[in-house]
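Peer 1: no sequence on this one, just coordinates:
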């Protein structure tokens, strides 16, 4: 059990946290899940060793970019047509906040137009 925890923690050391995505970072989510899984030790809930090994192997392939090395990309564009830098900007907390404000403005306009329509009817 302790060996599994050490293996996961060593693997996660090579997976940096992305401070630009608070609450939405995959690395932080995985760290939280590892802590939750191993927090009670083997006293209360035994860990399925086979499943634990599969998770570890999967995470190891992700951190080492296993499939990215096998299947090299020829193009630098994405499905959206944006570059990686543009995607990072689009997924930033600032953009999320901006879009939420825009959505509030849109909803206010919609409510006002409905109220205006009811007054005229």
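Peer 2: Happy to help now that I have it. Keep in mind that this is a model prediction, so the values were computed, not measured. Numbering: from 1, shown residues only.

Peer 1: Could you pull up phi and psi at the residue nearest to the spatial centre of the chain?
Peer 2: Nearest residue to the geometric centre of the chain (Cα atoms, centre = their mean): residue 26, 3.7 Å. Taking degrees, to the nearest 10, you get phi -60, psi -40 for the backbone angles of residue 26.

Peer 1: how near is it to residue 109?
Peer 2: Residue 26 sits 36 Å away from residue 109, going by Cβ to Cβ, to the nearest Å. C-beta coordinates here come from the backbone N, C-alpha and C atoms, glycine included.

Peer 1: repeat for residue 88
Peer 2: For residue 88 relative to residue 109 (Cβ to Cβ), the value is 30 Å.

Peer 1: ok, these two, which is more surrounded?
Peer 2: residue 88 (14 against 10; other Cβ atoms under 10 Å).

Peer 1: So in the protein, where's the weakest helix or strand by average pLDDT?
Peer 2: None of the helices or strands of the chain scores lower by mean pLDDT, DSSP states H and E than helix 41-44, at a mean of 55.

Peer 1: What's the first helix or strand after that helix?
Peer 2: helix 49-63 (DSSP states H and E).

Peer 1: I'd like the average pLDDT over stretch 18-25.
Peer 2: The average pLDDT within stretch 18-25 is 78.

Peer 1: which parts of that stretch are buried?
Peer 2: By 16 or more other Cβ atoms under 10 Å, the buried positions in stretch 18-25 come out as 21, 25.

Peer 1: Now tell me what touches it from outside.
Peer 2: The contact list for stretch 18-25, computed with Cβ atoms under 8 Å, 6 or more residues apart in numbering, reads 17, 27, 88, 91-93.

Peer 1: Looking at this structure, which helix is longest?
Peer 2: Looking across the chain with DSSP state H, the single longest helix is helix 93-120.
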